[in-house]
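# take this sequence and fold it.
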Amino acid sequence: MHDLWELVNAILYVSRTGIPWEHLPRDFPPYKTVYACYAQWEADGTTQQVHDL
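Prediction:
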């Protein structure tokens with residue numbers, strides 16, 4: 001299990017840099033894990049709720 005902060009940081013990194021998920025640096029959790037987390041948050045509305053803060 002990865003730390004929530006690591007996952008959020010990785011998602012923000014992809015968002016800021018525009019890199020493809022699979023080019024996520026090795027300092028972050030595996031890209032498939034990060035993307036799965038992002039996809040779940042996108043599907044359940046979490047990303048929109050955070051955006052609206």
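# helices of the chain, start to end?
Listed in chain order, the helices of the chain (DSSP state H) span residues 4-17, 31-44, 46-51.
# out of these, flag the one nearest His23.
helix 31-44 (7.8 Å; C-beta to C-beta). To be clear about C-beta, it is placed using only N, CA and C from the backbone, and glycine gets the same treatment.
# buried set for that closest one?
31, 33-35, 37-38, 41 (16 or more other C-beta atoms under 10 Å).
# now the helices of the chain in a markdown table, with distance to His23 and mean pLDDT?
Shown next, in a markdown table, are these (distance: least, C-beta to C-beta, whole Å; pLDDT from 0 to 100):
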| stretch | distance to His23 | mean pLDDT |
| --- | --- | --- |
| helix 4-17 | 9 | 96 |
| helix 31-44 | 8 | 97 |
| helix 46-51 | 21 | 90 |
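# how about the most centrally placed residue in the chain, nearest residue that isn't a chain neighbour?
Among the residues of the chain, the one closest to the centroid is Ile11, at 2.6 Å (C-alpha atoms, centre = their mean). Spatial nearest neighbour of Ile11, excluding adjacent residues (C-beta to C-beta, 6 or more residues apart in numbering): Tyr38 at 5.1 Å.
# what sits against the residue nearest to the centre of the chain?
34, 37-38 (C-beta atoms under 8 Å, 6 or more residues apart in numbering).
# and which of those is nearest to Asp27?
Looking across the contacts of Ile11 and measuring by C-beta to C-beta, the closest to Asp27 is Val34, at 11.7 Å.
# isn't that closest one up against Trp21?
Yes - applying C-beta atoms under 8 Å, one finds Val34 in contact with Trp21, separated by 6.9 Å.
# any residues in contact with both of the two?
Val14.
# quick one on the thing from earlier: what about the residue nearest to the centre of the chain, distance to Gln49?
14 Å (C-beta to C-beta, to the nearest Å).
# thanks again, I'm all set now.
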